[in-house]
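Participant: fold the stuff below for me.
(one chain, ligands or ions: 1)
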Amino acid sequence: MREFLDTVGVEIDESDEPTMIRAKRWRAALYDAGFAGLGYEARHGGHGTDPDKMRIWAEESRGSVPGVEATFGIGVGMAMPTIRDYGTDELKDRFLKPGLSGEEVWCQLYSEPEAGSDLASLRTTAILDGDEWIVNGQKVWTSGAQHSQMAILLARTDPEAPKHKGITMLILPMEQPGVEVRPLVQMTGVAEFNEVFMTDARIPKSWVVGEVNGGWRTAVALLGHERVQTGTASVGDATEVKTKTGRKPLPFHHLKDLAERKGRLDDALVRQDLAVVYTGEKLMGWLGQRKLSPSIGKLWRTRQGRFAADLAGKLAFGSGAAYDPADEDLEYWNYHILNCRGMSLGGGTDEIQRNTLGERVLGLPREPR
Ligand SMILES: Cc1cc2nc3c(=O)[nH]c(=O)nc-3n(C[C@H](O)[C@H](O)[C@H](O)COP(=O)(O)OP(=O)(O)OC[C@H]3O[C@@H](n4cnc5c(N)ncnc54)[C@H](O)[C@@H]3O)c2cc1C
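Facilitator: Residues are numbered from 1 along each chain as shown. Here you go, the predicted structure:
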């Protein structure tokens, strides 16, 4: 495992091929090496569930996978485990291998203009018509939709039922005439996420994950995986390569280098901030090894991301926000300073994580709804 990460992983991280090509090459190599599908039964295209092998992979790979793995955050990190745990054998046979090996990239069609934190208010409909579901509606903030072949979709299948009870989780093929993807440009200047419009889009009848009208249960299960994915799982960086992708907190070693180049390593206040970043990075790694509520990991990561970015801001842009965009180093810091804010929203906002911790973990009284 270590040899694979040190050779194939590092080569892919350092290659200057386009991101999607590197991403697909990485996952295919990982699959061929027998590490992509640990935790998934071999009869459904996985690499088995040997607990020792899974634990060793988790330890060896932490902080050592190429940045392009972020392309599969939704597919491998969220959709695959939900299909494994709640899908029929037909769905497992159809989707697990192409998802784990990177042939199919996935996106998540949850949020809508009127349904963010209050996700159960979603209005997109799916109506069964013979052998197909016909889908109409709009989603928003869909990360990676422009690269995706498949989507996990939440749609209302019973408009008469109470709002949590009339939702179904479906698998939507993205490359069809009824699906239109329109990019949304963020303040980083990059369009990572999109609006997705569905007009009479079609889904085979059997592509339901879990029960028809029982989608809230599977939706919450997937959100649990998302909080792990966007939480402690995302700490650290494989190499010295500075990428403007992903939403990981800036790594300690990049900030230490920056402080050194700016001649600030002897500044007591800078040293103190660097120590906080280092400690946070270590703590997140350890938190990731404990069975805690995923909301804790997600809150820690967003805090770490903002703190590390604020330090980068103080070190790199000492005299103000203006800079020459031809300066690639400053572009890197600028990108992460702007981008880290989104971590507090995607996958459920900080306030929603605190509500979840208060109500479900600490057992405090529920807030009025
Ligand atoms: C980088 C990024 C990537 C994303 N990717 C995806 C994706 O791939 N797929 C997808 O479906 N969605 C995605 N999202 C959307 C994300 O899930 C939503 O932005 C999030 O759930 C919040 O919804 P909202 O934006 O409608 O804000 P709102 O729900 O309108 O919230 C506005 C504010 O009110 C607060 N608030 C709301 N309800 C409560 C409450 N009950 N108690 C306390 N405070 C509350 C919130 O914390 C927030 O500060 C992404 C978002 C970001 C930023």
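Participant: who in this protein is up against the ligand?
Facilitator: 107-108, 110-111, 116-117, 141-143, 193, 342, 345-346, 348-349, 351-352, 355 (Cβ under 6 Å from any ligand atom). Yep, even glycine has a C-beta here, placed from its N, CA and C like the rest.
Participant: where along the stretch 1-150 of the chain do the strands fall?
Facilitator: With strands called from DSSP state E, counting those that start in this stretch, the stretch 1-150 of the chain shows them at 106-109, 125-129, 132-143, 150-156.
Participant: so which elements touch the third one?
Facilitator: When you say that, I think you mean strand 132-143. Packed against strand 132-143 by the contact rule (3 or more Cβ pairs under 8 Å, 6 or more residues apart in numbering; DSSP states H and E) you find strand 106-109, strand 125-129, strand 150-156, strand 167-173, strand 179-184, strand 193-204.
Participant: please identify the most buried of the strands of the stretch 1-150 of the chain.
Facilitator: Comparing those by mean neighbour count (mean count of other Cβ atoms under 10 Å), strand 106-109 ranks first with a mean of 27.
Participant: what is the mean pLDDT for it?
Facilitator: Averaging pLDDT along strand 106-109 yields 98.
Participant: what packs against it?
Facilitator: strand 132-143, strand 150-156.
Participant: between those, which one is closest to Glu331.
Facilitator: strand 132-143 (21.3 Å; Cβ to Cβ).
Participant: what's in contact with the closest one?
Facilitator: 74, 107-113, 122-128, 151, 153, 155, 157, 170, 172, 178, 181, 184, 192-205, 207, 346 (Cβ atoms under 8 Å, 6 or more residues apart in numbering).
Participant: any idea how far the residue of the stretch 1-150 of the chain found nearest the ligand is from Gly363?
Facilitator: The minimum distance from the stretch 1-150 of the chain to the ligand, using Cβ to the nearest ligand atom, falls at Gly116 (1.8 Å). For Gly116, the distance to Gly363 equals 26 Å [Cβ to Cβ, to the nearest Å].
Participant: in the host helix or strand of Glu226, which residues are buried?
Facilitator: Taking DSSP states H and E as the criterion, Glu226 maps to helix 215-229. When burial is assessed from 16 or more other Cβ atoms under 10 Å, helix 215-229 yields the following buried residues: 215-216, 218-219, 221-229.
Participant: got the contact list for the helix or strand following it?
Facilitator: Sequence-wise, the next helix or strand downstream of helix 215-229 (DSSP H and E) is helix 252-261. Under the criterion Cβ under 8 Å, 6+ apart, residues 237, 240, 242, 265, 267, 270, 274, 277-278, 281, 308, 311-312, 315-316, 333 lie in contact with helix 252-261.
Participant: ok, of the residues you listed, which come out buried?
Facilitator: For the contacts of helix 252-261, buried by 16+ other Cβ under 10 Å: 237, 242, 270, 274, 277, 281, 308, 311-312, 315-316, 333.
Participant: would you map the helices across the stretch 251-369 of the chain?
Facilitator: All helices of the stretch 251-369 of the chain, identified by DSSP state H, counting those that start in this stretch, fall at 252-261, 268-287, 294-316, 328-339, 350-356.
Participant: Asp89 is nearest to which of the ones you listed?
Facilitator: Using Cβ to Cβ, those put helix 294-316 closest to Asp89, at 27.7 Å.
Participant: mind exporting the closest one as CSV, just the C-alpha atoms?
Facilitator: Only the C-alpha atoms of helix 294-316 are listed here, as CSV (Å, rounded to 0.1, in the frame of the first residue of the first chain):
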residue,chain,number,x,y,z
PRO,A,294,-19.4,13.1,12.1
SER,A,295,-20.7,16.6,13.0
ILE,A,296,-17.8,17.1,15.4
GLY,A,297,-15.3,16.3,12.6
LYS,A,298,-17.0,18.7,10.2
LEU,A,299,-17.1,21.6,12.7
TRP,A,300,-13.4,21.0,13.5
ARG,A,301,-12.5,21.0,9.9
THR,A,302,-14.3,24.2,9.0
ARG,A,303,-12.7,25.9,12.0
GLN,A,304,-9.3,24.7,11.0
GLY,A,305,-9.9,25.8,7.4
ARG,A,306,-10.8,29.3,8.4
PHE,A,307,-8.0,29.7,11.0
ALA,A,308,-5.3,28.4,8.5
ALA,A,309,-6.6,30.7,5.8
ASP,A,310,-6.6,33.7,8.1
LEU,A,311,-3.0,33.0,9.0
ALA,A,312,-2.1,32.7,5.2
GLY,A,313,-3.9,36.1,4.8
LYS,A,314,-1.8,37.8,7.5
LEU,A,315,1.5,36.3,6.1
ALA,A,316,0.9,36.7,2.4
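Participant: helices or strands up against it?
Facilitator: Judged by 3+ Cβ pairs under 8 Å, 6+ apart, helix 294-316 is in contact with helix 215-229, helix 252-261, helix 268-287, helix 328-339, helix 350-356.
Participant: quick one: closest of those helices to Gly99.
Facilitator: helix 215-229 (13.1 Å).
Participant: how far does stretch 71-78 sit from its chain's centre?
Facilitator: How far stretch 71-78 lies from its chain's middle: 6 Å, per Cα atoms, centre = their mean, to the nearest Å.
Participant: quick revisit: kindly reformat the strands of the stretch 1-150 of the chain as JSON lines containing distance to Leu287.
Facilitator: Listed next are those as JSON lines, based on distance: least, Cβ to Cβ, whole Å:
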{"stretch": "strand 106-109", "distance to Leu287": "24"}
{"stretch": "strand 125-129", "distance to Leu287": "38"}
{"stretch": "strand 132-143", "distance to Leu287": "24"}
{"stretch": "strand 150-156", "distance to Leu287": "26"}
